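Trainee: give the three-dimensional model of this entry:
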Amino acid sequence: MHNKKRVKEKEKINLKEDLLKLFNYIKKYLPLIIPSLILAFVSSIFSIIGPDKLKDITDTITKGLMTGIDLDKVKSIGIFLIIIYSLGAIFNYIQGFIMSTVTNRCSKKLRTEIGEKINKLPLKYFDQTSFGDVLSRVTNDVDTIAMSLNQSLTTLVSSTTLFLGSLFMMFKTDYIMAITAIVSSLIGFMFMGLILKNSQKYFNKQQKELGNLNGHIEEIYTGHNIVKLYNAIEESNEKFDEINKRLYISNRKSQFLSGLMPPLMGFIGNFGYVAVCVVGASLVINDHISFGVIVAFMIYIRLFTNPLSQIAQAFTSLQSTAAASGRVFSFLEEQEMTKENPKEKLDKDKVKGSIEFKNIEFGYNEDKIIIKNFSAKVEAGSKIAIVGPTGAGKTTMVNLLMKFYDIDKGDILIDGISIKELSRENIHELFTMVLQDTWVFNGTIKDNIKYNNKGISNDEIEKVCKVVGLDYFIKTLPKGYNTVLNEVESLSQGQKQLLTIARAMLKQKPFLILDEATSSVDTRTEELVQKAMDKLTKGKTSFIIAHRLSTIKNADLILVMKEGNIIEQGSHEELLKKKGFYAELYNSQFEKVE
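Mentor: Below is the predicted model:
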């Protein structure tokens, strides 16, 4: 019992904190929001005034049945009602337009901040979080916040005004009828509080499961071929059904509780009509009130009970908003990469190209250290190959060099300058990378090759494509280099690899990193690419990570890694003569498996 109580208190606090965070975020838009809320308030006042005037019309007509109807008075009241209801409609339109503008600006800014935040988060965050969940925060959660802000704020103001205003007018008109209306509606308050108290946890779970579902879909469709290859469609469908079921249950419960409000308040309203008619009739018979008071109270009941339903729905919507904003702001509050205070800057045209690793230690978590006391010197313009078994730390060393992760201990020096004194952007300006995982976007082949590389001519693009052996294939396509890559026109994995190599060759940078760059091409193409790489690496300090050791025979220095340490280093011939771990790795490629 005590645990449940603590959980509920925590959920309650989270709801308050998340809404407070949202308010602090949107308070910059108050100069626009406040006029919108004032218009909603004035429009509600006009709605409250109407029934009192209708009472006057009814009483005038009732008296006129005995003597004569004062048509001038009826006409003046009718004109007055037309004016205030017209103004109310205009004000409602204006406030709706203002709130739509505010919510669109707010959601645009939120998406922009999320986009900027993505670039500031360390890769460690994305190692632990699915891309689909991040995508859900950018789309579903931001949309939920925008729709709720657009509807809930003005609804709360107008409904509260109608509720309090109609309450005041009812007591002003007749206190007995007012008490009758209030007593008949009290049950609505109790149910509203009970429903709101129990529904928030389901809204939180709904947004969470929606993110999980998006994450699963993204993973399955990204690796759709693997899923089919391993006949895992049934298994993936079962997992999808499991997450979808949890989303369905939380969605059903939250919608069921929130859906109780309209019929409940409708029943309370109708019950109020009956109570007002019965009590009003007895008061009219006793000449305590006029017939017009009953007409006015019929409208006041609607103005009194409908706001309760609208307020309940607004609070329900705010619960969804709190759940969504909690996810969005928790993402925006994630720990970013360490803030930099660069004291140095290297010009890529003046960099010599020497690199030194000094006693590097690094682990993705404190319990598992991957790189242990790694030290190495790389001369400018040399070709360095990094080899070793899977998990030895080869790619991790490259990630540290590129400052994708921060070093735990030790230092890396580029031309004698610590990377701690250089900005990440500056380091990335010095390196070109060709990875095992290719990346091609929806656009022309030409645009893919010259990605983020201005001032490149078509001749230069064709030249590098000829060097890597891609030019002939491209010219067989219907539009050649202007062919748009999409679902219809696509490249094989090997062709994508060649395209990324061509992209890298256009970059004139002093450092080059090749991480299994030829893993997806055939042997003949690999020879062409290897020749192209020899030209590409000429005069540049290059790091080559390869499992096929035949591709790094001409490296100036080979670093052999095992369990985060360099256990051997030297040229290909020197390492073979040592007959150590490298020689064992190299010879194992030619052994026959029995």
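Trainee: spell out the residue ranges of the strands in the stretch 301-450 of the chain.
Mentor: When assigned using DSSP state E, counting those that start in this stretch, the strands of the stretch 301-450 of the chain occupy the ranges 355-362, 371-378, 383-387, 409-414, 417-418, 431-434, 443-444.
Trainee: could you redo these as JSON lines and give each row mean pLDDT, mean neighbour count and distance to I249?
Mentor: Every C-beta, even on glycine, is put in place using the N, C-alpha and C of the backbone. Formatted as JSON lines, the entries for the strands of the stretch 301-450 of the chain read as follows, by pLDDT from 0 to 100; neighbours: other Cβ atoms under 10 Å; distance: least, Cβ to Cβ, whole Å:
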{"stretch": "strand 355-362", "mean pLDDT": "86", "mean neighbour count": "18", "distance to I249": "43"}
{"stretch": "strand 371-378", "mean pLDDT": "81", "mean neighbour count": "18", "distance to I249": "45"}
{"stretch": "strand 383-387", "mean pLDDT": "86", "mean neighbour count": "23", "distance to I249": "50"}
{"stretch": "strand 409-414", "mean pLDDT": "89", "mean neighbour count": "18", "distance to I249": "48"}
{"stretch": "strand 417-418", "mean pLDDT": "88", "mean neighbour count": "15", "distance to I249": "54"}
{"stretch": "strand 431-434", "mean pLDDT": "82", "mean neighbour count": "20", "distance to I249": "45"}
{"stretch": "strand 443-444", "mean pLDDT": "83", "mean neighbour count": "14", "distance to I249": "42"}
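Trainee: residue contacts, the residue nearest to S325 when sequence neighbours are not counted?
Mentor: Nearest non-adjacent residue to S325, counting by Cβ to Cβ, 6 or more residues apart in numbering: L22, 4.5 Å away. L22 sits next to I145, T321, A322, S325, F329 when contact means Cβ atoms under 8 Å, 6 or more residues apart in numbering.
Trainee: pretty sure the third one is touching L19, no?
Mentor: Spelled out, that is A322. Yes: the pair A322 and L19 qualifies as a contact (Cβ atoms under 8 Å) at a distance of 5.2 Å.
Trainee: between those two, point out the one with more neighbours.
Mentor: With other Cβ atoms under 10 Å as the criterion, A322 and L19 differ in neighbour count, and A322 comes out ahead with 27 against 16.
Trainee: and the nearest residue to the more buried one once chain neighbours are set aside, how far is that from K201?
Mentor: Closest residue to A322 apart from its sequence neighbours, by Cβ to Cβ, 6+ apart: D18 at 4.2 Å. Plainly put, D18 is 13 Å away from K201 if you go by Cβ to Cβ, to the nearest Å.
Trainee: from the neighbour counts alone, determine which of these two ranks first.
Mentor: The neighbour count for D18 versus K201, taken as other Cβ under 10 Å, is higher for D18 (23 against 19).
Trainee: tell me the secondary structure at that one.
Mentor: D18 falls in the helix class when you classify it by DSSP: H, G, I helix; E, B strand; the rest coil.
Trainee: hang on, the earlier thing: the residue nearest to S325 belongs to a helix?
Mentor: Yes: L22 sits within a helix when classified using three-state DSSP.
Trainee: per-residue pLDDT, it?
Mentor: Per-residue confidence for L22 comes out at a pLDDT of 77.
Trainee: cool, and M1?
Mentor: Each residue has a pLDDT score; the one for M1 is 39.
Trainee: only alpha carbons, please: show stretch 368-378 as CSV.
Mentor: Coordinates of each C-alpha in stretch 368-378 appear next as CSV, following Å, rounded to 0.1, in the frame of the first residue of the first chain:
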residue,chain,number,x,y,z
LYS,A,368,34.5,-2.7,-19.0
ILE,A,369,37.7,-1.0,-20.2
ILE,A,370,38.3,-1.6,-23.9
ILE,A,371,41.5,0.4,-24.6
LYS,A,372,44.2,-0.2,-22.1
ASN,A,373,47.3,2.0,-22.0
PHE,A,374,47.5,2.4,-25.8
SER,A,375,50.5,4.3,-27.2
ALA,A,376,51.7,4.8,-30.8
LYS,A,377,53.4,7.4,-33.0
VAL,A,378,52.3,8.0,-36.6
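Trainee: what lies in contact with that stretch?
Mentor: Here stretch 368-378 makes contact (Cβ under 8 Å, 6+ apart) with 354-364, 384, 393, 396-397, 400, 408, 410, 541, 543, 557, 559, 563-566, 569.
Trainee: ok so, going back, nearest to T173, out of the strands of the stretch 301-450 of the chain?
Mentor: For the strands of the stretch 301-450 of the chain, the distance to T173 is smallest for strand 443-444, at 69.3 Å, taking Cβ to Cβ.
Trainee: would you map out the domains in this structure?
Mentor: 16-332, 355-588 (automatic domain parsing).
Trainee: now these as CSV including distance to E340?
Mentor: Listed next are the domains of the chain as CSV, based on distance: least, Cβ to Cβ, whole Å:
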stretch, distance to E340
domain 16-332, 11
domain 355-588, 5
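Trainee: what's the least confident stretch among these?
Mentor: By mean pLDDT, the lowest-scoring of the domains of the chain turns out to be domain 16-332, with a mean of 75.
Trainee: quick one: end-to-end length of that one, please.
Mentor: Criterion Cα to Cα, to the nearest Å; first-to-last residue distance in domain 16-332 is 18 Å.
Trainee: just give me how far that domain sits from the chain centre.
Mentor: With Cα atoms, centre = their mean, to the nearest Å as the basis, domain 16-332 stands 25 Å off its chain's centre.
Trainee: ok, stretch 454-465 next?
Mentor: Once both centres are worked out by Cα atoms, centre = their mean, stretch 454-465 turns out to sit 37 Å from its chain's centre.
Trainee: residues making contact with that stretch?
Mentor: The set of residues external to stretch 454-465 that reach it, using Cβ under 8 Å, 6+ apart, is K446, I449, K450, D471, I474, Y481, A502, M505, L506.
Trainee: in it, what counts as buried?
Mentor: Applying a neighbour-count criterion of 16 or more other Cβ atoms under 10 Å, the buried positions in stretch 454-465 are I461, E462, V464, C465.
Trainee: same question, stretch 473-490
Mentor: By 16+ other Cβ under 10 Å, the buried positions in stretch 473-490 come out as I474, Y481, T483, L485.
Trainee: now flag whichever of the residues you listed is closest to I301.
Mentor: Checking these one by one against I301 (Cβ to Cβ), the nearest turns out to be L485, at 64.2 Å.
Trainee: which non-adjacent residue is nearest that closest one?
Mentor: Of all residues apart from its sequence neighbours, V440 sits closest to L485 (Cβ to Cβ, 6+ apart), at 5.8 Å.
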